[in-house]
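Colleague: Task: produce atomic coordinates for the following.
(chains A and B)
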Amino acid sequence: MKIPQVKGTRDFYPPQMAVRNWIIDGWKRVSLRNGFEEYDGPILEHLKMYQVKSGDEIVEQLFSLQDRGGRELAIRPEITPTLARMVNQQINSLPRPIKWFSVPRLCRAERPQKGRLREFFQWNIDIIGEDDVRADADVIFTTVDYLRDIGLTANDIVVKISSRRMLAAVLKEIGVSEGSLDSLYAVLDKKNKLPGETFEKMLDELLRDSGMVSKVRAFMELENIQQIEHMFGRQEAFNELVGLMKLLNSMGIGDYYRFDQGIVRGLAYYTGIVFEIYDKASELRAICGGGRYDNLLKDFGGPAISATGMGMGDCVLEILLREKGLLDVTELEKGLDYFIAYVPTIVSFEDNRTPLSVAVELAAELRRMDKRVDVSYRLTGLGKQLKEAAGRNAKNCIIIGDEFRERKLVVKDMATGEQEVVDYDEFLGRCDE
RNA sequence: GUGAAAGUAGCUCAGUCGGAUAGAGCACUGGAUUGUGGUUCCAGGGGUCGCGGGUUCGAAUCCCGUCUUUCACCCCA
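Modeller: Residues are numbered from 1 along each chain as shown, chains lettered A, B, ... in the order given. As a prediction, the model looks like this:
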């Protein structure tokens, strides 16, 4: 019986696995150099945990199950609630600020489409317990640090930054009631994705006040914070945004970001700075998004401690990297350091050992030195073995032949074809350095 | 959850007014080549044409269902 692959999942054959590892290794490397520590939680959590924060809609997009004791569990669709739970559990003993990162494997029962699958990896970085905008700057910088590291320039991507707090202040100034803020956010978030007329229509239906609609539209047309400040007066939230941008400038990524009040983020829990990163050339969905969420720990039964963070999935990123030609798969697949071939026509050496037994012994020796080494399983001609070495992407091929009667090896560089005869012990010494 | 397109060898695909043993390139395996590889040449293996049902003397081809994939919408933690 043929068993098909599960919808929206991927098989990682060695070439795909090399890509996945390359992406994740980069995430970890850049997180560490920016001062983040790695954590992880379980793949299963109580279903309740996601229902608390998210409501029925999200629960519908969850893979949930019952264990044998009748407990309702869910496969994690995100790791932020787990993070909140873990931090809350040890809040009194954790030194602050908490700068943690994780690369969890997540599942969401959505319909798969371009850049979105049912199982994926997501890089998360979070800073908990630091109100200062420097934390937000650190999150954005770390994200850009990675994208820049793998070869994406300011010509390729743009960080669109806004602030929920600033948005709330402006809308309040315009006269929008507190109660309609959340539904208005949802509309503003779509501004960049909808044709102008549709956007206007949605505003009309929501606000039912032509004066307010035109003010909101005028606000959305403004191009920078100075203009907004000019129109609505100086607000606390502006200082925060301006401060963030100054920090990003001094961190050397001033050409990567742009203020964009169309960035709101779909989720209700964001409270301050929000940002998303987009590819400039294509129509891909956001590469990543993040922001400040000051109520999350409290919502999970903890103290009122603020947090700011970012999440980046591997699906969109990989599509983007392929489009830009930044994924050199042949480069990623690391082959063998040494392939050891032996001359099968030699029955045995003076010490009664066969070329094959010498090859096996040498392989074990080199492996102890952490070299990637292999020997063919097939008893076949030297030509075939060299062919196998080439197929295995070996850097060098060692040949055990008549030279071994004087305890010497032939070491062949597979790229150039050059080969030299080296003393066995001298070769080992050289490898051990 | 809604809509559209597609599914033939491991991969990319050809093959349809319905016709007998279903093809190519690449990949894989073996040989040319028992002490020298990636090129070349020769040969070989591999398919119940996604699955199920229907129409027909006869289905990869037509019809229905189903699954999967892709794309768009909804949503996006």
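Colleague: Residue A:204 touches residue A:211, doesn't it?
Modeller: No. Applying C-beta atoms under 8 Å as the test, residue A:204 and residue A:211 come out as separate, 11.8 Å apart. Quick note: C-beta positions are derived from backbone N, CA and C, even for glycine.
Colleague: Secondary structure class of the most far-flung residue of chain A relative to its centre, three-state.
Modeller: Most distant residue from the mean C-alpha position of chain A: residue A:350, 57.1 Å away (C-alpha atoms, centre = their mean). The three-state label given to residue A:350 by DSSP: H, G, I helix; E, B strand; the rest coil is coil.
Colleague: so what's it closest to, chain neighbours aside?
Modeller: Of all residues not flanking residue A:350 in the chain, residue A:405 sits nearest, at 6.7 Å (C-beta to C-beta, 6 or more residues apart in numbering).
Colleague: Am I right that the one you found is in contact with residue A:351?
Modeller: No. With contact defined as C-beta under 8 Å, residue A:405 and residue A:351 do not form a contacting pair (9.7 Å).
Colleague: returning to that earlier point: more neighbours, residue A:204 and residue A:211?
Modeller: residue A:204 (13 against 10; other C-beta atoms under 10 Å).
Colleague: and that one, what does it touch?
Modeller: By C-beta atoms under 8 Å, 6 or more residues apart in numbering, the residues touching residue A:204 are A:210, A:213.
Colleague: and it, helix, strand or coil?
Modeller: Going by three-state DSSP: residue A:204 is helix.
Colleague: how much space between it and residue A:198?
Modeller: According to C-beta to C-beta, to the nearest Å, residue A:204 and residue A:198 sit 11 Å apart.
Colleague: Which pLDDT does the model give the residue of the stretch 51-200 of chain A found nearest RNA strand B?
Modeller: Residue nearest to RNA strand B within the stretch 51-200 of chain A: residue A:114 (3.1 Å; C-beta to the nearest atom of the strand). Predicted confidence (pLDDT) for residue A:114: 89.
Colleague: Kindly report the same for the one 4 residues further on.
Modeller: We have a pLDDT of 93 for residue A:118.
Colleague: Same check on residue A:389?
Modeller: pLDDT at residue A:389 comes out at 93.
Colleague: in which helix or strand would I find it?
Modeller: Using DSSP states H and E, residue A:389 sits in helix A:382-391.
Colleague: so residue A:134, which of the three states?
Modeller: helix.
Colleague: for the record, mean pLDDT for stretch A:142-157?
Modeller: 96.
Colleague: tell me how far it is from the chain's mean position?
Modeller: 12 Å (C-alpha atoms, centre = their mean, to the nearest Å).
Colleague: Is RNA strand B within reach of that stretch?
Modeller: No. Between stretch A:142-157 and RNA strand B, judged by C-beta under 7 Å from any atom of the strand, nothing touches; the nearest distance is 13.9 Å.
Colleague: Over to stretch A:384-401?
Modeller: Yes. Using C-beta under 7 Å from any atom of the strand, stretch A:384-401 reaches RNA strand B at A:384, A:386-387, A:389-391, A:399, A:401.
Colleague: Give me the below-cutoff pLDDT ranges for the stretch 51-200 of chain A.
Modeller: For the stretch 51-200 of chain A, residues meeting the criterion pLDDT under 70 lie at A:53-57.
Colleague: Break down it into its strands, ranges please.
Modeller: A:64-66, A:72-75, A:98-102, A:105-107, A:119-128, A:157-163 (DSSP state E, counting those that start in this stretch).
Colleague: by contact count, what packs against the fifth one?
Modeller: So the one you mean is strand A:119-128. Under the contact criterion of 3 or more C-beta pairs under 8 Å, 6 or more residues apart in numbering; DSSP states H and E, strand A:119-128 touches helix A:14-33, helix A:80-89, strand A:98-102, strand A:105-107, helix A:133-149, strand A:307-313, helix A:314-323.
Colleague: List the buried residues in the second one.
Modeller: Buried residues in helix A:80-89, counting neighbours by 16 or more other C-beta atoms under 10 Å, are found at A:80-88.
Colleague: and stretch A:312-322 with RNA strand B, contact?
Modeller: No. Stretch A:312-322 is not in contact with RNA strand B by C-beta under 7 Å from any atom of the strand; minimum separation 7.9 Å.
Colleague: Identify the residues contacting that stretch?
Modeller: Outside stretch A:312-322, the residues that reach it (C-beta under 8 Å, 6+ apart) are A:19-20, A:23-24, A:27, A:114-117, A:120-124, A:143, A:150, A:152, A:279, A:282, A:284-288, A:327.
Colleague: and what of stretch A:273-285?
Modeller: Contacts of stretch A:273-285 (C-beta under 8 Å, 6+ apart): A:114-116, A:133, A:136, A:140, A:143-144, A:147, A:155-165, A:240-241, A:244, A:257, A:263-265, A:286-292, A:308, A:310, A:316, A:319-320, A:323.
Colleague: Extract the C-alpha trace of it and format it as CSV.
Modeller: Output of stretch A:273-285 as CSV, limited to C-alpha atoms (Å, rounded to 0.1, in the frame of the first residue of the first chain):
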residue,chain,number,x,y,z
ILE,A,273,6.1,49.6,17.8
VAL,A,274,5.1,47.2,15.0
PHE,A,275,7.0,46.2,11.9
GLU,A,276,7.0,43.9,8.9
ILE,A,277,9.7,43.2,6.4
TYR,A,278,8.9,42.8,2.7
ASP,A,279,10.7,41.9,-0.5
LYS,A,280,10.9,45.0,-2.7
ALA,A,281,10.7,43.2,-6.0
SER,A,282,8.0,40.6,-5.7
GLU,A,283,4.5,40.1,-4.5
LEU,A,284,5.4,37.8,-1.7
ARG,A,285,3.7,38.0,1.6
